[in-house]
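A.B. asks: Below are the sequence and a predicted model for it; my questions follow.
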Amino acid sequence: MSAAIIGQDKLIERIILVLLADGNMLLEGLPGLAKTRAIKTLSKELDCGLSRIQFTPDLLPSDITGTEIYQPELKEKFVFQQGPIFSNLILADEINRAPAKVQSALLEAMEERQVSVAGKTYAMDPLFMVMATQNPVEQEGTYPLPEAQMDRFLMHVVIDYPDDASELAILRLNREEQQTAKEEQKERLSPEVIFTARKEIAHVKISEPMEKYIVDLISATRYPEKYSEELDSWIDFGASPRGSIAMDRASRTHAWMEGRDHVTPEDVRAVVHDCLRHRLILSYEANAEGITADKVLEEVISKVAVVA
């Protein structure tokens, strides 16, 4: 993946982390920063399906989940035709371009790995990940994601422009791809590789002090007045229990990716921003002062100590 996506190492690492943690990812970045290319590249490396859903204001929930089709020649008059959500990797492109009722069509699939249509429930494939993208600019005509849906994403990853050296490499890679008439067929990894990794991650140990550290970080977002007046003035609502669950799963996966069988404070701090930035509701004062969720989380990390 690194050979095809230059200058976005963090993005590649986070996509793999979320896939191994069996979660979903919200990716925010300006146009042209390889958001779509990243998920397509992952699907080329894995022997699995990819669905790309372009979210637009006129999209309907049934366009995502599927619908029942009337077929009079059959004994069962109505047959369920699966929508694009029934795949392995789902790219929900520019998710904030569609209204809330369409966005909510993803909720059941993301959380419970199933879809309910006309009173019947249809199970998703065991290998399933939604990667939703949104553009931080051009907010006219967009629909901000409801807090309940934001909470369903394991991570909210923000990416920025590549550096100059990476930009030069991107130019050269693009020229090479134009000159190469046909892409070489290479062996793709079996999904069993992911399932095996998940079993190993399930056995990564997390000590009681590390559990307490995660809970203390979450608690600091809910009761900021205990830590400082500044934090109290910045946060209206803190992270839900899904935030602590996300940090537990993500920190154990991060430790496994680093070759460790136990979680350290560095693993927790490495995932705290991506796991919590979309779970905080900042105050009017914070927004007026230009205080971001990342700035708030930096302050939280500085105030919360690791108790051995």
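C.D. replies: Received it, and whenever you're ready, just let me know what you need.
A.B. asks: Let me see the ranges of the helices in this structure.
C.D. replies: Assignment of helices within the chain using DSSP state H yields the ranges 9-20, 35-45, 62-65, 100-103, 107-112, 147-150, 164-179, 192-202, 208-222, 229-234, 241-257, 265-276, 284-288, 293-303.
A.B. asks: Including mean neighbour count, distance to A92 and mean pLDDT, could these go into TSV?
C.D. replies: Bear in mind the C-beta positions are built from the backbone N, C-alpha and C, glycine included. Conversion of the helices of the chain to TSV gives the following (neighbours: other C-beta atoms under 10 Å; distance: least, C-beta to C-beta, whole Å; pLDDT from 0 to 100):
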stretch	mean neighbour count	distance to A92	mean pLDDT
helix 9-20	20	14	92
helix 35-45	19	10	85
helix 62-65	19	8	88
helix 100-103	18	9	83
helix 107-112	17	10	84
helix 147-150	15	11	81
helix 164-179	11	25	85
helix 192-202	13	20	94
helix 208-222	18	27	94
helix 229-234	16	30	90
helix 241-257	22	19	95
helix 265-276	21	18	95
helix 284-288	12	26	91
helix 293-303	18	21	93
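A.B. asks: Of all those helices, which one is nearest L89?
C.D. replies: L89 lies closest, by C-beta to C-beta, to one member of the helices of the chain: helix 35-45, at 5.1 Å.
A.B. asks: With just CA atoms, put the closest one into CSV.
C.D. replies: Once non-C-alpha atoms are left out, helix 35-45 reads as follows in CSV (Å, rounded to 0.1, in the frame of the first residue of the first chain):
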residue,chain,number,x,y,z
LYS,A,35,-8.8,9.0,0.5
THR,A,36,-10.5,7.0,-2.2
ARG,A,37,-7.3,5.6,-3.5
ALA,A,38,-6.4,4.3,0.0
ILE,A,39,-9.4,2.0,0.3
LYS,A,40,-9.2,0.9,-3.3
THR,A,41,-5.5,-0.1,-2.7
LEU,A,42,-6.5,-2.1,0.4
SER,A,43,-9.1,-4.0,-1.6
LYS,A,44,-6.4,-4.8,-4.3
GLU,A,45,-4.2,-6.3,-1.6
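A.B. asks: re the thing from before, export the helices of the chain to CSV and append columns for distance to S2.
C.D. replies: Rendered in CSV, the data for these read as follows (distance: least, C-beta to C-beta, whole Å):
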stretch, distance to S2
helix 9-20, 6
helix 35-45, 9
helix 62-65, 31
helix 100-103, 32
helix 107-112, 27
helix 147-150, 29
helix 164-179, 11
helix 192-202, 18
helix 208-222, 30
helix 229-234, 37
helix 241-257, 14
helix 265-276, 19
helix 284-288, 36
helix 293-303, 25
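A.B. asks: Mind checking the ones you listed for the one nearest to L26?
C.D. replies: When these are ranked by distance to L26, counting by C-beta to C-beta, first place goes to helix 147-150 at 7.1 Å.
A.B. asks: For the closest one, which outside residues touch it?
C.D. replies: Outside helix 147-150, the residues that touch it by C-beta atoms under 8 Å, 6 or more residues apart in numbering are 26, 103-104, 106-107, 156, 278-279, 281.
A.B. asks: Which pair in the residues you listed has the greatest spatial separation?
C.D. replies: The distance between the two most remote of the contacts of helix 147-150 (C-beta to C-beta) is 21.1 Å, for L106 and I281.
A.B. asks: who has more neighbours, the two?
C.D. replies: Per other C-beta atoms under 10 Å, whichever of L106 and I281 has more neighbours is L106, with 25 against 15.
A.B. asks: care to break the protein down by domain?
C.D. replies: By the assignment in automatic domain parsing, the chain contains the domains 9-175, 203-303.
A.B. asks: so which of these gets nearest S190?
C.D. replies: Checking the domains of the chain against S190 by C-beta to C-beta gives domain 9-175 as the closest, at 5.6 Å.
A.B. asks: Now do the end-to-end distance for that closest one.
C.D. replies: Using C-alpha to C-alpha, to the nearest Å, the gap from the first to the last residue of domain 9-175 comes to 21 Å.
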